[in-house]
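# return a 3D structure for these sequence lines:
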Amino acid sequence: MAEANFSAASPSAHPTAGPGYGKRTAPDQLRATNHDFAHLPPREAAIAAYLDRLPDGTDISVKTLAKQLPYGQCALGTALNRIQQAGHLRRGRECITADDGSSRWITRSWWSRTARDDDWWTAFTRGDAPRPEATRPTRSRAHILLAALGRTAPVLSLSEADCATLAPLVTDWFERGASEDDVLRALTAGLPAPVHHAAALVRRRLTSKLPLPPARPPLRVLECANCGAPGRPESLPGGRCSACRGERAPAQPPAPLSAPTVHDHAAQIRAAMSRRRQERAHA
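Numbering: from 1, shown residues only. So this is what the prediction gives:
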């Protein structure tokens, strides 16, 4: 079966996108389980599980996925659309402001292991996505990152108590838009030798390198998964526009007449009325 070949596709070897592009994990997801994608067909569930394991910044375009997975571009395009309709994926653009004050639009592929409905994605696009109502996991996203830190840098192995104490500092990073990779780079780059006190070093770096808070919620625009047309989130239920859903577009009101055309019509009416008065006078 095709799904059995996924063992040959290693997420660690998956190509990365250009800086700022690629996969971007949506916030406030529930803890991973073995049943996250059980509601999807087998092929889509296998692809979704693979995408979920990829780190932020990887290239999840159809063309790149076709080189990594045992499916062609057409099959992958169909599968990604179904995954998107199930609420795990949205594609669009986000306005990024650089340090010099300039801004540019970046193509984004937002991923959510936790399936989201259209209302959630609409709120996310505005920058105020609601938190899930389900019970939060005992160990937070920040705690899990710290507990696994020793796998990346053994000299930074932390105790359970250290993780619990430092987790709120990592949460501050996430609330300012940082990804897990951003936090890991800040904590592990250029480590001194030796590290005398791992918890103290982690605390110092989390505090001194904390990113500045965003000035305002990011500007985001979603795009239709089929044709790429941009639109308001409420006009793209399931990530598709009305035309791609096969719905007839609402009738457009007639364009207003230009001023010269209005004047010309008025002159013609006045001339016709004048002729009728003359005809009645000579009758």
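# list the contacts of the helix or strand where Val221 lies.
Element membership for Val221 (DSSP states H and E) is strand 219-223. Strand 219-223 is contacted by residues 90-95, 108, 121, 124-127, 229-233, 236, 239 when judged by C-beta atoms under 8 Å, 6 or more residues apart in numbering. Every residue, glycine included, has its C-beta placed from N, CA and C.
# cutoff 6 Å now
90-95, 125, 230, 233, 236 (C-beta atoms under 6 Å, 6 or more residues apart in numbering).
# got it, and stretch 114-124?
29-30, 86-88, 90, 129-130, 233-234, 237.
# of the residues you listed, grab the buried ones for PyMOL.
In PyMOL, a selection of the buried entries from the contacts of stretch 114-124 looks like this (16 or more other C-beta atoms under 10 Å):
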select buried, resi 29+86+87+88+90+129+233+237
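# and the furthest pair within the contacts of stretch 114-124?
Leu30 and Glu234 (24.9 Å; C-beta to C-beta).
# okay, now the sheet partners of the helix or strand just after the strand holding Val221, with direction.
Later in the chain than strand 219-223, the nearest helix or strand by DSSP H and E is strand 230-231. Applying DSSP bridges, strand 230-231 is found paired with strand 219-223 (antiparallel).
# may I see the buried residues of the partner strand?
Buried, per 16+ other C-beta under 10 Å, within strand 219-223: 220, 222-223.
# quick one: mean pLDDT for it?
Average pLDDT, strand 219-223: 84.
# can I get it in CSV, CA atoms only?
The C-alpha trace of strand 219-223 is given here as CSV (Å, rounded to 0.1, in the frame of the first residue of the first chain):
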residue,chain,number,x,y,z
LEU,A,219,-2.7,41.4,8.2
ARG,A,220,-3.8,38.1,6.6
VAL,A,221,-5.7,37.2,3.5
LEU,A,222,-7.0,33.7,2.7
GLU,A,223,-6.9,32.3,-0.9
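# out of the contacts of strand 219-223, who's nearest Val155?
Among these, and counting by C-beta to C-beta, the member closest to Val155 is Glu94, at 35.8 Å.
# pretty sure the closest one is in a strand, no?
Yes. Checked against DSSP: H, G, I helix; E, B strand; the rest coil, Glu94 lies within a strand.
# I figured it hits Arg108, correct?
Yes. With contacts counted by C-beta atoms under 6 Å, Glu94 reaches Arg108, the gap being 4.9 Å.
# which one's more surrounded, these two?
Using other C-beta atoms under 10 Å, the more surrounded residue of Glu94 and Arg108 is Arg108, with 22 against 17.
# and the more buried one, which of the three is it?
strand.
# show me what it is bridged to.
Taking DSSP bridges as the rule, Arg108 bridges to Gly92.
# returning to what we had before: need the max-distance pair from the contacts of strand 219-223.
Spanning the widest gap among those are Cys95 and Leu236, at 18.2 Å by C-beta to C-beta.
# counting neighbours, go ahead and name the busier of these two.
Looking at Cys95 and Leu236 with other C-beta under 10 Å, you find the greater number of neighbours at Leu236, namely 26 against 12.
# the closest residue to the more buried one other than its chain neighbours bridge partners, please.
Nearest residue to Leu236 in three dimensions, chain neighbours excluded: Leu222, at 5.4 Å (C-beta to C-beta, 6 or more residues apart in numbering). When assigned by DSSP bridges, Leu222 has beta-bridge partners Gly92, Gly231.
# any idea how far Ser61 is from Leu222?
17 Å (C-beta to C-beta, to the nearest Å).
# repeat for Pro154
35 Å.
# higher neighbour count, the two?
Using other C-beta under 10 Å as the criterion, Pro154 and Ser61 rank with Ser61 on top: 18 against 10.
# just say helix, strand or coil for Pro211.
Once three-state DSSP is applied, Pro211 turns out coil.
# burial of the closest residue to it other than its chain neighbours, as a residue count?
The shortest distance from Pro211 to any non-neighbouring residue, by C-beta to C-beta, 6+ apart, is to Arg176 (4.7 Å). Each residue near Arg176 was counted by other C-beta under 10 Å, and the total is 13.
# can you start the count at 18 instead of 1 from here on
In the new count, where the first residue is 18, that last one comes out as Arg193.
# kindly list the main-chain dihedrals of Arg193?
phi -100, psi 20 (degrees, to the nearest 10).
# go ahead and confirm it touches Leu229.
No. If you go by C-beta under 6 Å, Arg193 and Leu229 don't touch, sitting 7.3 Å apart.
# got the CA coordinates for the strand or helix carrying Thr278 in PDB?
Per DSSP H and E: Thr278 is located in helix 276-298. Provided in PDB are the C-alpha atoms of helix 276-298 (Å, rounded to 0.1, in the frame of the first residue of the first chain):
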ATOM      1  CA  ALA A 276     -22.400  62.100 -16.600                       C
ATOM      2  CA  PRO A 277     -22.100  62.800 -20.400                       C
ATOM      3  CA  THR A 278     -24.500  59.900 -21.100                       C
ATOM      4  CA  VAL A 279     -27.000  61.200 -18.500                       C
ATOM      5  CA  HIS A 280     -26.900  64.700 -20.100                       C
ATOM      6  CA  ASP A 281     -27.300  63.200 -23.600                       C
ATOM      7  CA  HIS A 282     -30.400  61.200 -22.500                       C
ATOM      8  CA  ALA A 283     -31.900  64.200 -20.800                       C
ATOM      9  CA  ALA A 284     -31.400  66.300 -24.000                       C
ATOM     10  CA  GLN A 285     -33.100  63.600 -26.100                       C
ATOM     11  CA  ILE A 286     -36.100  63.500 -23.700                       C
ATOM     12  CA  ARG A 287     -36.400  67.300 -23.800                       C
ATOM     13  CA  ALA A 288     -36.200  67.400 -27.600                       C
ATOM     14  CA  ALA A 289     -38.900  64.600 -27.900                       C
ATOM     15  CA  MET A 290     -41.200  66.600 -25.500                       C
ATOM     16  CA  SER A 291     -40.700  69.800 -27.500                       C
ATOM     17  CA  ARG A 292     -41.600  68.000 -30.700                       C
ATOM     18  CA  ARG A 293     -44.800  66.600 -29.200                       C
ATOM     19  CA  ARG A 294     -45.900  70.100 -28.000                       C
ATOM     20  CA  GLN A 295     -45.300  71.500 -31.500                       C
ATOM     21  CA  GLU A 296     -47.300  68.700 -33.000                       C
ATOM     22  CA  ARG A 297     -50.200  69.300 -30.600                       C
ATOM     23  CA  ALA A 298     -50.100  73.100 -31.400                       C
END
